[in-house]
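**Student:** Here's my sequence, what's the structure:
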Amino acid sequence: MRILITNDDGIGAPGIYVLEKIAAQLSDDIWIVAPAEEQSGAGHSLTLTRPVRLRKHAERRFSVTGTPTDAVMLALKKVLPEPPDLILSGVNRGANLADDVTYSGTVSAAVEGALAGVRSIALSQVYSRNDSGEEVSFDAAEEWGAKVIRPLVDLRFASRSLININFPPLRAVDVRGIRVVRQGFHDYSRGSLVENVDPRGFPYFWFGLHPAKNTPGHETDLEVIADGFISVTPLQVDLTHYPSLDILAGRYAT
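**Tutor:** Here you go, the predicted model:
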């Protein structure tokens, strides 16, 4: 089984080495093509206004001066001799839960894989707000990663779908298990925006992370992570709101 590894934290991020260890438990045919620098929040963006460069670091390890989407596209069109059987994106430093997946470069790399017809999985390690972003523990992801992926290896994914996996901010021994759940939603009315002035006297703005109100109940990725479980959520690229099709069509009927 050929596995392509990518991410949005960059080729040198700790999480990509964790994902290499996970993938090595599943295959010995592993290729890595990832952004040269951190691309968190890049979403499903594609570089169109400047050239993208490819650098070879080792026999099957490459970096791309672009987004996670660029990395996957170059991997499939240029680097790999044949299409991979599986694309693994991550392990992201931080959560990719609920509607945050729309911003996520980690998830978007898996989206690009799904669009190309390759089974694709995004993996993220949630960490506590009390932890430093530079000192995130990937213990849960490293210990549980292969256990979560193995049941998916021979699964036939629905067309243009992907799997989003998040690991709770716990020691591996404290993880309570795995739950398959739907995507949750945040209340972004409480989001924060920091406004200040730089040393040269020019104003700047910085989008901040603010505690958000989760959905009620315990049926989404937000709740199961809070309860100490690993969340497994199937996502689809088709964003069509089907119930509205007939309603809108009626508006234009002649």
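**Student:** Distance-wise, check the nearest residue to residue 13 once chain neighbours are set aside relative to residue 69.
**Tutor:** Nearest non-adjacent residue to residue 13, counting by CB to CB, 6 or more residues apart in numbering: residue 7, 6.1 Å away. In short, each C-beta sits where N, CA and C put it, glycine included. Per CB to CB, to the nearest Å, residue 7 is found 12 Å from residue 69.
**Student:** These two: which is more packed in?
**Tutor:** When residue 7 and residue 69 are compared for neighbours, residue 7 comes out ahead with 31 against 26, by other CB atoms under 10 Å.
**Student:** you'd agree the more buried one is up against residue 90?
**Tutor:** Yes - when contacts are counted by CB atoms under 8 Å, residue 7 is listed as touching residue 90 (5.6 Å).
**Student:** Show me the contact partners of stretch 234-241.
**Tutor:** 101, 107, 111, 114-115, 158, 160-164, 180, 183 (CB atoms under 8 Å, 6 or more residues apart in numbering).
**Student:** Now the common contact residues for residue 7 and residue 69.
**Tutor:** Common neighbours of residue 7 and residue 69 (CB under 8 Å, 6+ apart) are 105, 109.
**Student:** Could you report the neighbour count for residue 147?
**Tutor:** For residue 147, the count of nearby residues is 13 (other CB under 10 Å).
**Student:** Pull the contacting residues for the nearest residue to residue 64 once chain neighbours are set aside.
**Tutor:** Excluding its sequence neighbours, the residue lying closest to residue 64 (CB to CB, 6+ apart) is residue 71, at 4.4 Å. Listed by CB under 8 Å, 6+ apart, the contact set of residue 71 reads 6, 33, 34, 35, 64, 109.
**Student:** Distance of the first one relative to residue 195?
**Tutor:** Yep, that's residue 6 we're talking about. Applying CB to CB to residue 6 and residue 195 gives a distance of 35 Å.
**Student:** how many other residues sit next to residue 105?
**Tutor:** 27.
**Student:** quick one, phi/psi of it?
**Tutor:** Residue 105 adopts backbone torsions of phi -70, psi -30, taken as degrees, to the nearest 10.
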